Every structure is written in structure tokens, then in C-alpha cells.
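> Here is my input; please provide its structure:
(one chain, ligands or ions: 1)
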Amino acid sequence: MEASHMEQQTLRLQGCMYQYSRAIYRTLKDFIDPYADVQSRLASRRAVLLACEQTMERLAGDPLYFSKPDRALFQDIRRHFPITAQAHVAWTVNQGVAAAVTFIEEQIEAGALDGGVARCRATTRKGRPCQRTPLPERDYCPSHQHLEQRRVAA
Ligand SMILES: [Zn+2]
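Just a heads-up that it's a prediction; the model follows:
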């Protein structure tokens with residue numbers, strides 16, 4: 001039951017995330033190599049849209065452990081754009097992905113991703129509750145398991 005609830009939350013989140021991939025795509029599509037033939041340009045558009053969507057799906061499914069999603073997306077799509085557009089593409093990707101990450105973090109803080117799933121009891125360096133899954137039959141995740149050992153020893 002909890003798994004399917006969690007899946008629903010992930011699906012809902014992915015639906016929201018498509019707004020962000022579409023926004024990035026809309027800004028970028030007109031910069032796709034203007035000298036390429038029509039077929040290549042269409043293929044590039046599809047590839048860019050797909051890369052944006054995959055980035056957002058991955059962010060929605062694994063928001064805390066997808067490091068540097070903007071860099072990853074830029075690397076994936078930059079070959080579809082002329083040299084003169086690279087800086088603009090990088091900036092657009094950076095801004096668009098940052099907006100999506102902010103949205104996801106707000107969802108996490110609002111508890112939208114909890115879904116009744118057990119969470120590590122530690123607090124992160126930023127003072128937020130750790131979102132990782134505890135070790136089996138433990139209260140803490142692998143990164144924070146030393147806290148539990150200390151408690152057991154005391
Ligand atoms: Zn933890």
C-alpha cells in the first residue's frame with residue numbers, strides 16, 4: 001500500500017516537473033542549429049525535449065542524489081546548438097533546472113514526498129530532516145548510522 005501511495009506521489013510530482021522541462025524546451029528550441037536541414041532540426045528538437053523530460057523524471061524520482069542535474073542536461077544537449085548559442089543554452093538550462101530543484105525541495109519540506117515511508121531521524125548540516133531511508137530495523141540511514149551507535153552505547 002505504501003509503495004503504491006509513494007508511486008502516486010512520484011507520478012504527481014513528475015506531472016508538475018513536466019512544466020519545467022517544457023519551459024526549458026520552449027526557450028531553447030529556437031536556438032537549435034538554424035543552418036541544419038529541416039529533418040535534422042526536427043530530430044534535434046525531439047532529442048532536446050526528451051533530454052529535458054528525462055532530467056526532470058530523474059529529478060522527481062531521485063531528487064536528493066542527482067548531483068549537478070543542470071550540468072548533466074547541458075552536456076546532453078549542447079551538441080544540438082551552434083557555438084554562438086552555447087552560453088545562452090547553459091544559462092537557460094541552469095535557471096530552468098534551478099527552478100525545478102527549488103520546487104522539489106519545497107515539496108520535500110512540505111512533506112509531500114513522505115508518503116508514510118520511514119525516514120532517517122538525523123538532521124542534515126542545513127538543519128533539515130534527513131530524507132534518506134533508514135537501514136533495516138534502524139532509525140538512521142547509512143550516513144548517519146554513527147548516531148544510532150552512540151545512542152546504543154550510552
Ligand atoms: Zn540520515
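> Please compute how far the lengthiest helix in the chain lies from its chain's middle.
The single longest helix within the chain, with elements called by DSSP state H, is helix 2-28. How far helix 2-28 lies from its chain's middle: 9 Å, per C-alpha atoms, centre = their mean, to the nearest Å.
> how near is E57 to L13?
10 Å (C-beta to C-beta, to the nearest Å). The C-beta positions use only the backbone N, C-alpha and C, and glycine is treated the same way.
> Looking at those two, which one has more neighbours?
Using other C-beta atoms under 10 Å, the more surrounded residue of E57 and L13 is L13, with 21 against 16.
> Leaving out sequence neighbours, find the closest residue to that one.
Computed as C-beta to C-beta, 6 or more residues apart in numbering, the closest residue to L13 that is not its neighbour in sequence is A60, at 4.5 Å.
> Regarding the one you found, which helix or strand does it belong to?
Using DSSP states H and E, A60 sits in helix 38-61.
> list the buried ones in that helix?
41, 44-45, 48-49, 51-53, 55-60 (16 or more other C-beta atoms under 10 Å).
> List the contacts of stretch 36-45.
For stretch 36-45, the external contacting residues (C-beta atoms under 8 Å, 6 or more residues apart in numbering) are K29, I32, D33, H80.
> rerun that using 10 Å as the cut-off
25, 28-30, 32-35, 77, 79-82 (C-beta atoms under 10 Å, 6 or more residues apart in numbering).
> Export those to CSV and append columns for pLDDT and neighbour count.
Below are those laid out as CSV (pLDDT from 0 to 100; neighbours: other C-beta atoms under 10 Å):
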residue, pLDDT, neighbour count
Y25, 97, 20
L28, 96, 22
K29, 94, 14
D30, 92, 9
I32, 95, 21
D33, 88, 15
P34, 84, 11
Y35, 86, 7
I77, 97, 23
R79, 96, 9
H80, 96, 22
F81, 96, 20
P82, 95, 13
